[in-house]
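Asker: Need coordinates for the following:
(chains A and B)
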2 protein chains.
Amino acid sequence: MQTTNLNRVEPADLEYLRSFIPAKRMLVGADISPDYAHDELGGVKSAPDVLIRVQSAEEVSKILSYANKRLLPVVTRGAGTGLVGGAVAVMGGIMIETTPMNRILELDEQNMTVTVEPGVLLMDLAKYVQERGYMYPPDPGETSATIGGNISTNAGGMRAVKYGVTRDYVLSLTAVLPTGEIETFGSKVVKNSSGYSIKDLLIGSEGTLAVIVSATLKIIPFPKEIVSLLAPFPTFQAAVSTVPELIRSGTDPTAVEFLTREVISLAEDYLGKRFPRIDGDTALLLTYDGFSAQEVRERMDRASELCIERGAYDVYIVDTEERRASVWTARGAFLEAIKSSTTEFDECDVVVPRSKVVDFTECINELSGKLGLRIPYFGHAGDGNLHVYFCRDGLDEDVWGSKLQEGFDALYSRAVELGGMVSGEHGIGFAKREYLAKRLGPTQMELMRRIKKAFDPNGVLNPQKVCT
Amino acid sequence: MQTTNLNRVEPADLEYLRSFIPAKRMLVGADISPDYAHDELGGVKSAPDVLIRVQSAEEVSKILSYANKRLLPVVTRGAGTGLVGGAVAVMGGIMIETTPMNRILELDEQNMTVTVEPGVLLMDLAKYVQERGYMYPPDPGETSATIGGNISTNAGGMRAVKYGVTRDYVLSLTAVLPTGEIETFGSKVVKNSSGYSIKDLLIGSEGTLAVIVSATLKIIPFPKEIVSLLAPFPTFQAAVSTVPELIRSGTDPTAVEFLTREVISLAEDYLGKRFPRIDGDTALLLTYDGFSAQEVRERMDRASELCIERGAYDVYIVDTEERRASVWTARGAFLEAIKSSTTEFDECDVVVPRSKVVDFTECINELSGKLGLRIPYFGHAGDGNLHVYFCRDGLDEDVWGSKLQEGFDALYSRAVELGGMVSGEHGIGFAKREYLAKRLGPTQMELMRRIKKAFDPNGVLNPQKVCT
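Answerer: Predicted structure coming up:
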């Protein structure tokens, strides 16, 4: 899609925007913190011309209809925790920051829904509903992300094994179209067969089709009992090949993570705290939840038997507060630990069928040897979603760039061979467009561009992202 | 969208189609059974010019690319069990019947998926996976429907309360675009954030965007224990207002149906069999499933307590084979029983937020009195999805037509006021387009038409359905 027709923000544009946005919520040029020129990954850098901290759907509507007429790029940003440059203003223009829209608008206990503005942080949503006896099941590791960002990438998280991903909890979205209309897609109903599901199209569309201004989410009763198990295995293969058996056992685990010795050590160094002492190369971290202690116990017993049958050294119940803190703090720190262990990094968020995780990691290990690069990884064994990190360490910029390119090419090719996808939960953004196009081929990319055009004929919303 | 540009099938077209479709799978004109001119509802009638029983994706591709060039309408039909005229050839043209494509292509026990052709019947899929220890959770009452039809309407069924709807179990779809390309959308992965979810757009699109030629579905381990409870309440209100409490209790029911005295009697007459003798006006029929008898018992005990606290006369466990057969046979026969009780009927498949079911049924009861029409209803109390039947009985055609129009207008208006949707699981098809347009408004309908155009620029696929 043509994006060269877009304009930069000029003084007359600022004047118009100032007519309805107070000065303290609108920053221009050098007044914008350099943080707004990149996301958590940092590899994609470009500053917006103007940053507007929006407070209402009406403001968003006025900005969008103006930008659409003036052909100004508009990029929506939540907390900036993305990893693919999705919320970077690669063509300048207007950046809409949604974090001031952080109200919880309604808790409907009869229908078990919560309606929120897009800038609500995941950690605040989790706390709010938990205090009232409910759970919002999706739980991406980055809890300082906004719910708007989570919806825009269809974020998954650890509990996806049992509970599914963000898509499964979004009942309706109110969004502003590039032409300024404020529309609600979906409603507070679980079953719906009323025309094309535009709501599902917006989920995961990374701010390229519309700007989300509120969402009604499904919540569930908070489980009465939650217990984790740690099962160390002699080898990665022994650990991960147990996972399909666990899923088939009917024990219905909430989460199934794998933790490698390498990444555990990085977390220990980063946190300055020891992980519980375990033997072997890889551990599975399982969580079970349920309606009663008895019920969870039955399921855990069966899971433990299975792990032992498949070669686990032992199965520890993560039941003391101390042990729980040490295990989950380590798991939560993996990304930061890897980041702090190196000078620069880039990541690959592939997802492969659950049965193909071992095959895929063999490719990572080979590649690490071949390229002479550290490539630590961790991930969601239960759903085949791996987070793989290329670490620059002491490499020169040129060498790093070419090794990275070779590494990405090899990993994404292997993921495709194994029937996987380019991204499980981080999205495509700016950085992974080439790999998406390779995976899906020209017909699907063209379909996406036509869908994009159906929403955004002038191409002003988040240009050069996903399929444009 | 313009549909007047479409052509009828001419002798030269038949000649071309005969070049790759054997005569026994291609019927023309009077050789086509009148059954193919309507669906289960019967209200929308129009015969296709030619009926082709397809056997492969390649055949579908050849038919579509030809029809697209020649501007011939193409309607895809599964088992013809629809209730909104979605699979009726309202503009003639080519009807593709998918029932010969009824192979189960793969059972992948490692990844817990089953890959099927679109013509597989729901009952056959259920049996196939159950014999191997698995469950395909969606279970619409009409088990002689095809899975292709189920996907095309995002069918729900009784277990949606716990397990969700068809959308939640479709991991990937292979579909033929109107221009003939055969594309696979999605893959065998549960988490995906790789571009717009075209798969989710195809689900529920009623054959207007592409023709599904295979689907990979998620399956789960068959629950070790399944038990139903029957709880009779003095009034409809007492029964149905208990439902939100049951959902909030954390007991996680698989199904929550309501059965009114009126509809139970119709089923008894139709089947010539007695339903278990129960007091009161309305019963709740609950199902629980789980990992062990003990676990299901704990959950059922809590649910039973709740029902009694809320005024249930008693709670019966549906545990003997005889009782199970009598309860579920009756529940399964509701639609047929209503159909056979009258001369003609039309239906309304609304869905409202769970807490609004009582409000909505008050509107039905008032309307029944006001119009002097029998309007029996039954439904899925757990997810607010009601099936409401207007019965013609002895009315003249004109009177029937005008009462029906008035009734539909009133019910759909009320559903919209209550935050509901026009269809929970039967779709929009031909018959409900006006109500969809009223519910969603011009902006959303225009968006849908633009999406339609992105897939089907010539408008050949299932014209005059959903949004065209």
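Asker: Give me the nearest residue to residue A:102, chain neighbours excluded.
Answerer: residue A:119 (4.1 Å; Cβ to Cβ, 6 or more residues apart in numbering or on different chains). C-betas here are computed from N, CA, C, even on glycine.
Asker: Torsion angles phi and psi at the one you found?
Answerer: Note on residue A:119: its backbone torsions stand at phi -80, psi 0 [degrees, to the nearest 10].
Asker: So which bits of the stretch 201-350 of chain A are right by chain B?
Answerer: Among all residues of the stretch 201-350 of chain A, those adjacent to chain B (criterion: Cβ under 8 Å from any Cβ of the partner chain) are A:201, A:203-205, A:209, A:220-224, A:244, A:247-252, A:290-292, A:294-295, A:298-299, A:302, A:349.
Asker: follow-up on the earlier one: can you report how many residues lie near the residue nearest to residue A:102?
Answerer: Per other Cβ atoms under 10 Å in any protein chain shown, the neighbour tally for residue A:119 reads 24.
Asker: Show the contacting residues for it.
Answerer: A:78, A:97, A:98, A:99, A:100, A:101, A:102, A:146, A:147, A:148 (Cβ atoms under 8 Å, 6 or more residues apart in numbering or on different chains).
Asker: Restricted to strands, list these.
Answerer: The members of these that map onto strands under DSSP state E are residue A:97.
Asker: between the contacts of residue A:119, which is nearest residue A:321?
Answerer: Closest approach to residue A:321 among the contacts of residue A:119 (Cβ to Cβ): residue A:147, at 28.9 Å.
Asker: all helices for the stretch 101-250 of chain A, in order.
Answerer: A:122-131, A:147-152, A:160-163, A:198-202, A:236-240, A:243-248 (DSSP state H, counting those that start in this stretch).
Asker: And the ones you listed: which comes nearest residue B:43?
Answerer: Between those, helix A:198-202 lies closest to residue B:43; by Cβ to Cβ that is 28.0 Å.
Asker: Packing partners of the closest one?
Answerer: Packed against helix A:198-202, as judged by 3 or more Cβ pairs under 8 Å, 6 or more residues apart in numbering or on different chains; DSSP states H and E, are the following elements: strand A:170-176, strand A:182-186, helix B:198-202, helix B:433-455.
Asker: Distance from it to the middle of the chain?
Answerer: 17 Å (Cα atoms, centre = their mean, to the nearest Å).
Asker: I'd like to check what contacts stretch A:4-21. Which residues are they?
Answerer: A:26, A:28, A:49-50, A:52, A:59, A:62-63, A:66, A:70-73, A:91-94, A:458-460, A:463.
Asker: Quick check: the residue nearest to residue A:102 vs residue B:91, distance?
Answerer: In this view, residue A:119 and residue B:91 are 48 Å apart by Cβ to Cβ, to the nearest Å.
Asker: my guess is residue A:86 contacts residue A:39, does it?
Answerer: Yes. The criterion here is Cβ atoms under 8 Å, and residue A:86 meets it with residue A:39 at 7.1 Å.
Asker: Around residue A:8, how many other residues sit close by?
Answerer: Residue A:8 - counted by other Cβ under 10 Å - has 11 other residues nearby.
Asker: what secondary structure does it sit in?
Answerer: coil (DSSP: H, G, I helix; E, B strand; the rest coil).
Asker: Relative to chain B, how far out is it?
Answerer: Distance from residue A:8 to chain B, counting by Cβ to the nearest Cβ, to the nearest Å: 28 Å.
Asker: likewise residue A:239?
Answerer: Counting by Cβ to the nearest Cβ, the gap from residue A:239 to chain B is 16 Å.
Asker: Name all residues that make contact with that residue.
Answerer: A:231, A:233, A:258, A:280, A:281, A:282, A:283, A:284, A:312, A:381.
Asker: residues touching the fourth one, list them.
Answerer: Taking Cβ under 8 Å, 6+ apart as the contact definition, residue A:280 lies against A:232, A:233, A:234, A:235, A:239, A:261, A:313.
Asker: Just give the closest residue to the first one, not the sequence neighbours.
Answerer: Spelled out, it's residue A:232. residue A:278 (3.9 Å).
Asker: where along the stretch 251-400 of chain A do the helices fall?
Answerer: A:261-271, A:293-309, A:321-332, A:334-340, A:357-371, A:397-417.
Asker: closest to residue B:438 out of those helices?
Answerer: helix A:397-417 (44.6 Å).
Asker: who touches that closest one?
Answerer: A:344, A:346, A:348, A:350-352, A:359-360, A:363-364, A:367, A:371-373, A:375, A:388, A:390, A:392, A:395, A:421-422, A:435, A:438-439.
Asker: I'd like to know how far residue A:209 sits from residue A:427.
Answerer: The value you get for residue A:209 to residue A:427, if Cβ to Cβ is used, is 13 Å.
Asker: who has more neighbours, those two?
Answerer: Comparing residue A:209 with residue A:427 by other Cβ under 10 Å, the one with more neighbours is residue A:427, at 32 against 24.
Asker: check contacts around the more buried one.
Answerer: A:82, A:84, A:86, A:152, A:153, A:154, A:204, A:206, A:466, B:193.
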